[in-house]
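Q: the amino acid sequence is not available; the structure is as follows:
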Ligand SMILES: Cc1ncc(C[n+]2csc(CCOP(=O)(O)OP(=O)(O)O)c2C)c(N)n1
Ligand SMILES: CC(=O)[C@@H](O)[C@H](O)COP(=O)(O)O
Ligand SMILES: [Mg+2]
């Protein structure tokens, strides 16, 4: 299946075009839309499964609602490719997630149809309620629709939104897109509840009678009111979570029947107050490899659309492994010898490598759903009871749990190991997902250790050191592969707050934190061949800093360069300058890292270049020391 070999029948460049189609044509268009997404993503990777799952729902929403006047808010936004394509971005879609191209998520500045930006989960209900409330205050008759997945609904923020909306009685439609999957299979009691209301015979018998009435009557509004009132007093309210929260619950409906969806949405437009439509979909719908292995096909990378064969990074043989694999293998090794070690992840077991522990010791590994704050406080509870929790959270998602880190972990001095995966520039996921801020936001917390390994062996040793009970301990490391294939080495304790003097020099001291140190090592090498004698120090810790090392740097060097894969504002460079200032050293200093602006999507290498800490940027900065 290639774009050139298939002649598309429908050319839809806006929802207005879409609304001209007949119901039958809409079905045909959905097939083509699905084909187009598969074709595009085969070459230019992205979030495939979720987008394929909402093709019909997206078409139905734009068909029925008057977008962009009516507001569609996509939760996470990784499923919004059909939405982008329908709303005038078909041609630019080939630049999805690429440098200077489209964001992989809805983004307000990208299109008037993107009513609210996304990337992180569970925000849609709150945002839609805000938009609906503003409309009500202004006397506007616009609809606000939040589309939230069953995974995103596990996030506490979603319930804060439901709780508020149910009481506010504002006109709001929440569409629950239930495919029983997060990235990995969805987890938790809510998942079982959703299954039970989808399959309960007694519940559905009552509800289906209500639906049948709705579809038959011409005087819809009055009847719905009647049915609604009857139901409110009766069975549904007590047995339905959403009804208990004062939402009218509708469904479940087949999310791949575009005809039924348009009819139901049309009906729901007429109903006032907070409503929830439960839609059942299949993640990866219409592409059999993606339906078969929904986890892998959440974001499969490049693939052959005919065969479903994927290009993968093996991390096998002599190739350096992914940090994620090293994390997973290492926690398993540590857990085998220390039965107090447990693993916690908020919905990212495969992404972070904790699935390796989960396979062998499922009872000591906890996927808590998309619930970062809970993951941290749950870990704190485990630590308070004597366990050694390794709580693995992507750096940008940890932003959600900041108070939990301060209030529940640090303030109580608990031995929680917080592994921040995807720290630094992550690449194609763009601004919402860059792990830019963690050094700055973590190092300002008292009594916490913040470390970053330069390679896989260092990661293992830091994990080992943290497992010995060193108080709140953060280990940050990037998305992707390390540099060593000889990483399976015996554990060695690393003295907390001690850096490594990797190379001596006289003209300039280059200090780095974490994996970027490998690029610094190369730049220093090159610079020394070109006549600049540069010392290189791997700081290892952003907190506590290595005072002995920094005193020596302060005494000996008139120029320093600090390099980090994190924000320059408040980062480890700032920490070094605070130190220098405190002790009266006055080196001329240059800080390389993520500048004070949001960095969009691109490859990691492109983004490092833009930020000025790729090999060339670091080399040029060092060469300014040439006399
Ligand atoms: C706060 C936060 N935590 C974790 C993630 C990573 N993440 C992105 S999509 C996803 C699964 C979402 O599941 P669901 O909402 O059901 O959508 P589906 O992929 O099934 O369409 C997760 C865990 C995120 N984007 N934001
Ligand atoms: C949409 C989302 O938040 C995730 O799917 C994220 O893109 C995963 O990132 P990784 O590919 O780095 O695991
Ligand atoms: Mg889901």
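A: Arrived safely, thanks for sending. For clarity, every value in this text was computed on a predicted model and none was experimentally measured. Ligands and ions are numbered 1, 2, ... in the order given.

Q: okay, CA-based contacts and neighbour counts for the rest of this
A: OK.

Q: check which element follows the helix or strand containing residue 511 along the chain.
A: Using DSSP states H and E, residue 511 falls within strand 508-512. Proceeding N to C from strand 508-512, the next assigned helix or strand is helix 517-529, under DSSP H and E.

Q: and the angle from the helix or strand just after that following helix to strand 508-512?
A: For helix 517-529, the following helix or strand on the C-terminal side (DSSP H and E) is strand 534-538. Orientation of strand 534-538 against strand 508-512 (axes from the mean of the first three to the mean of the last three Cα atoms, to 10 degrees) gives an angle of 20 degrees.

Q: quick one: strands adjacent to strand 534-538?
A: Partner strands and pairing direction for strand 534-538 (DSSP bridges) are strand 500-503 (antiparallel), strand 508-512 (parallel).

Q: may I see the buried residues of the longest one?
A: Right, strand 508-512. Judged by neighbour count using 16 or more other Cα atoms under 10 Å, the buried positions of strand 508-512 are 508-512.

Q: residue 537: neighbour count?
A: Residue 537: 24 surrounding residues under other Cα atoms under 10 Å.

Q: residue 582 too?
A: Neighbour count of residue 582, defined by other Cα under 10 Å: 9.

Q: measure it to residue 552 for me?
A: To residue 552, residue 582 is 14 Å away according to Cα to Cα, to the nearest Å.

Q: again, but for residue 487
A: Applying Cα to Cα, the value for residue 487 to residue 552 is 31 Å.

Q: okay, these two: which has more neighbours?
A: For residue 487 versus residue 552, the count of surrounding residues by other Cα under 10 Å is larger for residue 487: 17 against 10.

Q: ok so, going back, adding mean pLDDT, write the strands paired with strand 534-538 out as a markdown table.
A: Output for the strands paired with strand 534-538, formatted as a markdown table (pLDDT from 0 to 100):
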| stretch | mean pLDDT |
| --- | --- |
| strand 500-503 | 98 |
| strand 508-512 | 98 |
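
Q: how about the strands in the stretch 401-550 of the chain?
A: All strands of the stretch 401-550 of the chain, identified by DSSP state E, counting those that start in this stretch, fall at 417-421, 449-451, 473-476, 500-503, 508-512, 534-538, 541-543.

Q: mean confidence for the last one?
A: When you say that, I think you mean strand 541-543. Taken as a whole, strand 541-543 has a mean pLDDT of 98.

Q: how far does it sit from its chain's centre?
A: Distance of strand 541-543 from the chain centroid (Cα atoms, centre = their mean, to the nearest Å) equals 25 Å.

Q: direction included, what does it pair against?
A: Strand 541-543 has these strand partners (DSSP bridges): strand 449-451 (antiparallel).

Q: least confident secondary structure element in this protein?
A: helix 220-233 (a mean of 51; mean pLDDT, DSSP states H and E).

Q: low-confidence bits of the stretch 351-500 of the chain, can you list those?
A: For the stretch 351-500 of the chain, applying pLDDT under 70 flags no range at all.

Q: need the pLDDT of the closest residue in space to residue 297 that isn't next to it in sequence.
A: Excluding the flanking residues, the one nearest residue 297 by Cα to Cα, 6 or more residues apart in numbering is residue 290, at 5.1 Å. With respect to pLDDT, residue 290 scores 98.

Q: count the neighbours of the closest residue to residue 298 other than its chain neighbours for me.
A: Spatial nearest neighbour of residue 298, excluding adjacent residues (Cα to Cα, 6+ apart): residue 49 at 4.8 Å. If you count neighbours by other Cα under 10 Å, residue 49 ends up with 29.
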